[in-house]
Every structure is written in C-alpha cells, then in structure tokens.
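Peer 1: Here is my input, please return the structure:
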Amino acid sequence: MDDISDIHFGPLPPDSPYVKPFRFHYTQNGKAKSWDLLKVHDSVAIIIFNITRQRLVFVKQFRPAVYHGLVHAEAGDDGTKIDMKKYPPALAMTLELCAGIVDKPIPWVEIAREEVLEECGYNVPVDRMEEIMGFRSGVGTSGSLQKMFYVEVTDDDKVPSGGGGVDDEIIEVVEYSLEDARKLVQKGNMLNSPPGFLVGVLWFLANRAPGCKA
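Peer 2: Okay, here's the model as predicted:
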C-alpha cells in the first residue's frame, strides 16, 4: 500500500470531476465580502460493527491531502523538493470509516450499501443500514453534506472477492476491538483521521457498543 513514488504537485485542471474552485460574493452589515470555496461531492460514511467477532471495521488508505499538509512548507510549488526519506508516504496513511462520494442518482442508503461491499467486502441489504445523522464537513471550504450510517455485519455476510476498493483504489480493511477503539478517542491522541471518523467512533461507543448505557 505504501509503495508510492514520483510525488509532485501541479495546477488543478478546469475539468476536474471532483473539485471545482470558485469565489463566493456577499454583503454583510453593509460591507462587501468574498470567500474562496470548493464545490465537491456530498458523501456517505458507514460505521460497521462485526457482531460475530465484536470488532469495528475501518479502512486505511494513503491520502494525498494529508501528505501535502505534512510536506508543503519545504516541498516547493511543484513538490519536486520533497525528501521522501524524511517524509515517507506511510506518514499519510489514514484510519477512516468506510465512506464514499454521492455521485449517482440513487438513494444515499444504496450508495452506503455499495461502499460497504466495495471497500470492506460485506454484502448487506439496505434494510439493515440505519441512518444516524447528517452534518456539514469542510465548513470553511465546501460545506458539503455527509450522512452517516450504522450497520451490523457477520462473518457470513463477507464476500470472498469483496473489499479493498474498486478500479485503482488501494484500501486496507482493518478491525479494532472495543478496547482499542476507546483508545482512539483518549485525550492527547493525534490521529490521521477526519472528524467524521471520531464522531462515528464516539457515537458507537455511546449508543451501540455492547455494555453501553444508551
């Protein structure tokens, strides 16, 4: 997964299917203002709990944005000055919930079901997917909507050829015990994880973890 080389940066092409920058203009209290924004896809994220083995199911993957955040100060405008011995790509491996963008005209719960199958290899019907909440991510840049779902799976739901992503995605499926999940949200931790991941873990521990009081 971390066999990554030839890292460099470049300008964003105008035909990007994922990110479209623009400037937002408005007047507040009589003063003209503007804000630079990004139009991005909304998304789904899924908290997966394997009840057969009492494990939370997460994914790990290399995130270019996280890597750029680590190296941008000394990489140069084109990224050709990156010292990959000092900054190995493994530093930008993230721990996340199973998730995906909303890029099809179908119900969001169906997109969530597809992501569980494609990324983690569990084939479950939509009636087992429970919608938990929706919230805005990237409120300073995109304001995109993410809906969070919860699903309980068993070893019998596992598809032998499923998981790991589709096309050119490289995703590692990892499992955490309840004890290890609690350690993730302890005071002082520094994680390569998005806020939605932490929200999902905390929600599960408070509402669905075996032995919780909810």
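Peer 1: For the rest of this, base every contact and every neighbour count on C-alpha atoms.
Peer 2: Noted.
Peer 1: can you map out the strands along the chain?
Peer 2: Shown for the chain, the strands assigned by DSSP state E span residues 20-28, 31-39, 43-50, 55-62, 93-96, 98-101, 130-137, 144-153, 172-176.
Peer 1: would you turn those strands into CSV with mean neighbour count and mean pLDDT?
Peer 2: Below are these laid out as CSV (neighbours: other Cα atoms under 10 Å; pLDDT from 0 to 100):
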stretch, mean neighbour count, mean pLDDT
strand 20-28, 11, 96
strand 31-39, 12, 96
strand 43-50, 24, 98
strand 55-62, 21, 96
strand 93-96, 20, 96
strand 98-101, 22, 96
strand 130-137, 14, 96
strand 144-153, 21, 97
strand 172-176, 17, 96
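Peer 1: so which of these gets nearest residue 3?
Peer 2: Each of those was checked against residue 3 via Cα to Cα, and the shortest separation belongs to strand 55-62, namely 10.2 Å.
Peer 1: In JSON lines: the strands of the chain, plus distance to residue 114.
Peer 2: As requested, these are exported to JSON lines (distance: least, Cα to Cα, whole Å):
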{"stretch": "strand 20-28", "distance to residue 114": "25"}
{"stretch": "strand 31-39", "distance to residue 114": "24"}
{"stretch": "strand 43-50", "distance to residue 114": "11"}
{"stretch": "strand 55-62", "distance to residue 114": "15"}
{"stretch": "strand 93-96", "distance to residue 114": "17"}
{"stretch": "strand 98-101", "distance to residue 114": "9"}
{"stretch": "strand 130-137", "distance to residue 114": "14"}
{"stretch": "strand 144-153", "distance to residue 114": "12"}
{"stretch": "strand 172-176", "distance to residue 114": "15"}
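Peer 1: Those: which one's closest to residue 161?
Peer 2: Ranked by Cα to Cα, the member of the strands of the chain that lies closest to residue 161 is strand 172-176, at 13.1 Å.
Peer 1: Who are the packing partners of that closest one?
Peer 2: Contact analysis of strand 172-176 by 3 or more Cα pairs under 8 Å, 6 or more residues apart in numbering; DSSP states H and E lists strand 55-62 as its packing neighbours.
Peer 1: Quick one: closest of the strands of the chain to residue 110.
Peer 2: For residue 110, the closest of these is strand 43-50, at 10.1 Å, according to Cα to Cα.
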